[in-house]
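*Asks:* Sharing a sequence plus its predicted fold:
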Amino acid sequence: MFKDIYRNKRVLVTGHTGFKGSWLTVWLRELGAEVCGVALPMPEELNHLRLLNPQFRSEMLDIRDLAGLKKVFSDFRPDAVFHLAAQPLVRLSYQEPVATFEANVMGTVNVLEACRTTESVRAVVAITSDKCYENREWLWGYRENEPMGGYDPYSASKGCSELVISSYRRSFFNNGDFGVKTHALLASGRAGNVIGGGDWAADRLVPDIMKAASCGRAVTIRSPKSTRPWQHVLEPLSGYLALGQKLLEGKPEFADGWNFGPADDGVVTVEDAAAELAKAWSDIRIVIDPPKDAPHEAALLRLDCSKARQLLAWHGVWSAREAFGRTAEWYRRFYQEKQLNTAADLNAYVGDAAKRGLAWTK
């Protein structure tokens with residue numbers, strides 16, 4: 001896969017203890033990479049990475065600590081960096097706006113500074129969010145050249161992060177200077193709502209539903225009519241890895257911003273997403289009762305992924321129905337059978353992608 005580009009490469013992943021980071025770490029190890037993770041200490045409650053217990057270098061470090069970050073980079077000397085560490089929750093950003101901007105904006109600055117001063121780094125993929133765009137709640141999807149923005153502190157912090165990434169690309173990782181004045185290529189990835197097993201973050205639809213189902217409780221849906229681009233976590237990760245491959249191959253034309261989102265069947269309301277999950281696990285019970293004093297959250301958000309499909313030859317593998325079904329089944333097996341379906345889901349995803357002949361499977 002990915003032309004075997006990651007085999008024996010040193011890859012540093014920030015946020016490796018998080019939902020997406022844990023899945024990415026597992027996949028990179030399957031690809032033969034030597035991985036170093038950098039993240040805050042894992043919470044005491046359920047954590048996907050702790051359950052998987054993979055053996056690799058793991059540094060418990062706050063990315064706001066620039067000196068500590070530079071030391072890890074200097075010691076590990078990564079070939080590639082995937083930056084996923086962030087404060088990832090909209091509602092928490094209302095409660096902790098300063099910490100959100102510190103982690104998501106200055107944390108990104110620090111990671112890019114560490115990359116800039118580490119000569120071994122050749123490829124940097126910084127992950128932000130589909131919420132980085134100035135969301136006017138249009139019916140059509142946002143393209144990569146749309147203005148950055150954000151209503152809530154989380155979304156604004158991701159828009160700011162993209163501006164930081166763009167500034168560093170122009171100032172220190174300029175595509176035209178690659179191989180002459182600069183040693184690395186820098187790209188960013190923007191994905192829609194990701195689902196899958198192993199997410200236990202507070203105030204997220206899937207974890208809230210699954211925790212309630214495991215206890216025999218109904219869960220209350222706060223924004224039933226909000227529309228989101230839903231996709232299994234492995235979908236954007238395949239895009240990030242494909243993007244990292246191009247950068248490691250030394251192709252400056254791919255050092256840019258990229259959207260990774262689902263086809264139109266994945267753009268559905270929260271209410272419909274919950275109903276799809278319930279089809280796969282009969283213990284799921286939903287109550288619709290939107291609070292009257294809830295903080296603002298965007299009602300409609302779409303991504304235009306034409307660029308990734310045309311230039312990266314990246315395409316989704318699983319339909320929204322399969323993504324919802326596999327997600328619910330992961331949690332059902334975990335809670336009822338004490339099994340982790342992570343490896344099985346990864347193998348199934350790769351197998352299905354190979355059957356479709358997708359470029360990254362070769």
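*Replies:* Nice, thanks for sending it over.
*Asks:* What's the first helix or strand after the helix or strand hosting Asp272?
*Replies:* Using DSSP states H and E, Asp272 maps to helix 270-280. Sequence order places strand 286-288 as the next helix or strand after helix 270-280, per DSSP H and E.
*Asks:* List the neighbouring strands of that next one plus their orientation.
*Replies:* strand 219-221 (parallel) (DSSP bridges).
*Asks:* pretty sure Lys246 contacts Leu312?
*Replies:* Yes: counting by CB atoms under 8 Å, Lys246 does reach Leu312; the two are 7.2 Å apart. Glycine gets a C-beta too; all of them are placed from N, C-alpha and C.
*Asks:* hey, what's in contact with both of the two?
*Replies:* Between them, Lys246 and Leu312 have Phe254 as joint contacts when contacts are counted by CB atoms under 8 Å, 6 or more residues apart in numbering.
*Asks:* Got phi/psi on Ile127?
*Replies:* phi -100, psi 130 (degrees, to the nearest 10).
*Asks:* How many residues are close by it?
*Replies:* Ile127 has 26 neighbouring residues, counting by other CB atoms under 10 Å.
*Asks:* And for Ser319?
*Replies:* Quick note: Ser319 (other CB under 10 Å) scores 15 neighbours.
*Asks:* State the pLDDT value of Leu52.
*Replies:* Here, the pLDDT recorded for Leu52 equals 94.
*Asks:* That one touches Leu340, doesn't it?
*Replies:* Yes: the criterion here is CB under 8 Å, and Leu52 meets it with Leu340 at 6.7 Å.
*Asks:* and the helix or strand where Ile165 lies, how far from the chain's centre?
*Replies:* Assessed by DSSP H and E, Ile165 sits inside helix 153-171. Centre-to-centre, helix 153-171 and its host chain are 16 Å apart (CA atoms, centre = their mean, to the nearest Å).
*Asks:* Kindly report the same for stretch 81-88.
*Replies:* So, by CA atoms, centre = their mean, the centroid of stretch 81-88 is 8 Å from its chain's centroid.
*Asks:* likewise stretch 265-281?
*Replies:* 20 Å.
*Asks:* List the contacts of it.
*Replies:* 192, 205-206, 209, 213, 219, 221, 223-231, 284-286, 288, 302, 316, 319-321, 323-325, 327-329, 331-332.
*Asks:* Make a PyMOL selection of the buried ones in those residues.
*Replies:* Buried members of the contacts of stretch 265-281, defined by 16 or more other CB atoms under 10 Å, are picked up in PyMOL with:
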select buried, resi 192+205+206+209+213+219+221+223+224+226+227+228+229+230+231+284+286+302+316+320+323+324+325+327+328+329+331+332
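*Asks:* Just the contacts of stretch 265-281: which are in helices?
*Replies:* 205-206, 209, 213, 320-321, 323-325, 327-329, 331-332 (DSSP state H).
*Asks:* so which two of those residues are the farthest from each other?
*Replies:* Ala213 and Ala320 (19.7 Å; CB to CB).
*Asks:* Thought Trp200 was touching Asn47, still the case?
*Replies:* Yes: taking CB under 8 Å as the definition, Asn47 is a contact partner of Trp200 at 7.1 Å.
*Asks:* show me what contacts Leu89?
*Replies:* 154, 201-204.
*Asks:* ok, back up a step: give the rounded mean pLDDT of the helix holding Ile165.
*Replies:* The model assigns helix 153-171 a mean pLDDT of 97.
*Asks:* Tell me the buried residues in it?
*Replies:* 153-162, 164-165, 168-169.
*Asks:* for stretch 354-362, same thing?
*Replies:* Buried residues in stretch 354-362 (16+ other CB under 10 Å): 358, 360-361.
*Asks:* and what of stretch 338-346?
*Replies:* 340-342, 345-346.
*Asks:* And the strands in the chain?
*Replies:* 10-14, 34-39, 57-60, 80-83, 123-127, 185-191, 193-195, 219-221, 227-232, 257-260, 267-269, 286-288 (DSSP state E).
*Asks:* Among those strands, which comes closest to Ala353?
*Replies:* Ranking the strands of the chain by proximity to Ala353 (CB to CB) places strand 227-232 first, at 11.6 Å.
*Asks:* Now do that closest one: distance to the chain's middle.
*Replies:* Between the centre of strand 227-232 and the centre of its chain there are 13 Å (CA atoms, centre = their mean).
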